[in-house]
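> Take a look and give me a structure for this.
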Amino acid sequence: MIKVLQLGDVHFDTPFKGLGTEISSIRKEDIRETFKKAILRGKEEKVDFILITGDLFDNKRVFKETLVYIANVLKSVSPIKVFISPGNHDPYNEDSFYKLMEWPENVHIFKSKMETVEIADRNVVIHGVAFNEEHVEECLLHNVKGEDGKINIAVIHGDVISGGESLYNPITEEDIKESNMTYIAIGHKHKYSGLLKSGETYYGYSGALEGRSFNETGEKGVLILEIEDEVVKEEFLSLSKRKHIDIDIDITDKSTTEEICEKICSSIGENSNDMIRVNLIGEIEDIVVRENVIKEKLKDKFFYIEINDNTKEKIDYENIKKEKSLRGIFISEMLKCDDEESTEALKYGLMALEGEDII
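Model (predicted):
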């Protein structure tokens, strides 16, 4: 049996614009800590190989300290072999950070077109390829064939698509099927995909190590893969230090700022160390929602919190129906009905009469 750890899309030294200097610095350190935790988990799990599927770095600004840190962490798990496939954020070229330092002997960085590394004593062939530019419009998996009688594992950065085009190494399920690989470890998409299969070839995205915005909610982590007799089993391990949580909280029955704060705290519960975005919803009356005041009151209770007011003013239908207008007649007639569908029709009908967009 072969055991593998897969991770990718680490994005070291992400600038985290808009979070402020303090939070940004902490989030950069979070990535470092989670990366180390992930690599050391490979050692604990006694994996044979570690596969890093690209975008190890975020952009063209990486601190030398970060490079040294990464190299030291990877060296610490030697003799476990580490294979890296550079992606669109960290392409391997003349300006590449991969060329700025000498990497540990247990690290192999793929540099260009598909190449293979054979591990004869394990009957394994590792296939890998690198982005050399930010955009790759042709599939890098084309014409790649696994060797018969061996466990063929590919590590690649790319965009698995069902149709259309992509600037990031477009890969179709047919490409995967024709590759004759046992398993393809893929990076680029930041959400864990689950274990997928096309033909006889298994493949999957491990997702990012840490979510970096509220577009990347949920658990983040790594994959532990077990490969035996052309059968692949996997386990997703959630390792991120913080999650991004985007939550709607209904404050319809709240009448003070303090009550709103209490509702937020009870709704979020034990996730106070995460990145929180609260969207206040519901119908309110006799209260002004002041996002800045709520955030100030909660700042010592949460690591990071955003407040968005999406509430609407409660409508006094009884008063409106007295109007001598189309709106008044509509409300008067609709209030005679007493079922859920009529309630929805009343709400959307009034929105239409007032010229609001209905989605």
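> Run a quick neighbour tally on residue 124.
Other residues near residue 124 come to 20 when the count uses other Cβ atoms under 10 Å. Glycine gets a C-beta too; all of them are placed from N, C-alpha and C.
> That one reaches residue 149, doesn't it?
No - using Cβ atoms under 8 Å, residue 124 is not in contact with residue 149; the gap is 11.5 Å.
> Quick check: closest non-adjacent residue to residue 148.
Nearest residue to residue 148 in three dimensions, chain neighbours excluded: residue 180, at 7.7 Å (Cβ to Cβ, 6 or more residues apart in numbering).
> In contact with the one you found, which residues?
By Cβ atoms under 8 Å, 6 or more residues apart in numbering, residue 180 lies in contact with 145-146, 148, 152, 200-201.
> now, which of the residues you listed lie within strands?
Using DSSP state E, the subset of those located in strands is 152, 201.
> biggest separation within the contacts of residue 180, which pair?
Spatial extent of the contacts of residue 180 (Cβ to Cβ) is set by the pair 148 and 201 at 13.7 Å.
> who's more crowded, these two?
residue 201 (23 against 7).
> ok, the more buried one touching residue 174?
No - look at residue 201 against residue 174 with Cβ under 8 Å: they stay out of range, at 10.8 Å.
> rewinding a little: could you export the contacts of residue 180 to CSV, including columns for distance to residue 67?
Formatted as CSV, these follow (distance: Cβ to Cβ, whole Å):
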residue, distance to residue 67
145, 35
146, 33
148, 39
152, 31
200, 39
201, 34
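> Mind putting the contacts of residue 180 into TSV with pLDDT and distance to residue 41?
Shown next, in TSV, are these (pLDDT from 0 to 100; distance: Cβ to Cβ, whole Å):
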residue	pLDDT	distance to residue 41
145	89	32
146	91	28
148	91	33
152	97	25
200	95	29
201	96	26
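> Give me the domain ranges for the chain.
2-238, 244-313, 317-353 (automatic domain parsing).
> what are the ranges of the strands in the stretch 101-250 of the chain?
All strands of the stretch 101-250 of the chain, identified by DSSP state E, counting those that start in this stretch, fall at 107-109, 115-119, 124-128, 151-157, 159-160, 170-171, 183-187, 196-198, 201-205, 221-228, 231-238, 244-250.
> Let's have those strands in a markdown table, adding distance to residue 332.
Below are the strands of the stretch 101-250 of the chain laid out as a markdown table (distance: least, Cβ to Cβ, whole Å):
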| stretch | distance to residue 332 |
| --- | --- |
| strand 107-109 | 73 |
| strand 115-119 | 76 |
| strand 124-128 | 71 |
| strand 151-157 | 62 |
| strand 159-160 | 56 |
| strand 170-171 | 58 |
| strand 183-187 | 60 |
| strand 196-198 | 56 |
| strand 201-205 | 56 |
| strand 221-228 | 57 |
| strand 231-238 | 54 |
| strand 244-250 | 28 |
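> Looking at the ones you listed, which is nearest to residue 76?
With respect to residue 76, and counting by Cβ to Cβ, the nearest of these is strand 107-109 at 11.6 Å.
> tell me the pLDDT at residue 278?
According to the prediction, residue 278 has pLDDT 97.
> what's the stretch of helix or strand it belongs to packed up against?
Using DSSP states H and E, residue 278 falls within strand 275-281. Helices and strands in packing contact with strand 275-281 are listed as strand 244-250, helix 257-268, strand 304-309; criterion 3 or more Cβ pairs under 8 Å, 6 or more residues apart in numbering; DSSP states H and E.
> and those as CSV, adding mean pLDDT and mean neighbour count?
Formatted as CSV, the helices and strands packed on strand 275-281 follow (pLDDT from 0 to 100; neighbours: other Cβ atoms under 10 Å):
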stretch, mean pLDDT, mean neighbour count
strand 244-250, 96, 16
helix 257-268, 95, 16
strand 304-309, 96, 17
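> Direction included, what does the strand holding residue 278 pair up with?
Strand pairing for strand 275-281, using DSSP bridges, gives strand 244-250 (parallel), strand 304-309 (parallel).
> what's the closest of those to residue 346?
Here strand 244-250 is closest among these (Cβ to Cβ), at 19.1 Å.
> Just the buried positions in stretch 7-27, please.
Going by neighbour count (16 or more other Cβ atoms under 10 Å), the buried part of stretch 7-27 is 7-14, 16, 26-27.
> got the CA positions of that stretch in PDB?
The C-alpha coordinates for stretch 7-27 follow below in PDB (Å, rounded to 0.1, in the frame of the first residue of the first chain):
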ATOM      1  CA  LEU A   7      -2.200  19.700  -0.200                       C
ATOM      2  CA  GLY A   8      -2.200  22.800  -2.300                       C
ATOM      3  CA  ASP A   9      -3.100  26.500  -2.800                       C
ATOM      4  CA  VAL A  10      -1.300  27.600   0.400                       C
ATOM      5  CA  HIS A  11      -0.700  31.100  -1.000                       C
ATOM      6  CA  PHE A  12       2.100  32.100   1.300                       C
ATOM      7  CA  ASP A  13       2.400  35.900   2.000                       C
ATOM      8  CA  THR A  14      -1.100  36.700   0.800                       C
ATOM      9  CA  PRO A  15      -1.400  40.500   1.500                       C
ATOM     10  CA  PHE A  16      -4.900  40.200   3.000                       C
ATOM     11  CA  LYS A  17      -5.800  43.700   1.800                       C
ATOM     12  CA  GLY A  18      -8.600  45.400   3.700                       C
ATOM     13  CA  LEU A  19      -8.100  43.600   7.000                       C
ATOM     14  CA  GLY A  20      -5.800  46.100   8.600                       C
ATOM     15  CA  THR A  21      -2.200  45.700   9.500                       C
ATOM     16  CA  GLU A  22      -2.700  43.600  12.700                       C
ATOM     17  CA  ILE A  23      -5.200  41.100  11.400                       C
ATOM     18  CA  SER A  24      -3.300  40.800   8.100                       C
ATOM     19  CA  SER A  25      -0.100  39.900  10.000                       C
ATOM     20  CA  ILE A  26      -1.900  37.400  12.100                       C
ATOM     21  CA  ARG A  27      -3.500  35.700   9.100                       C
END
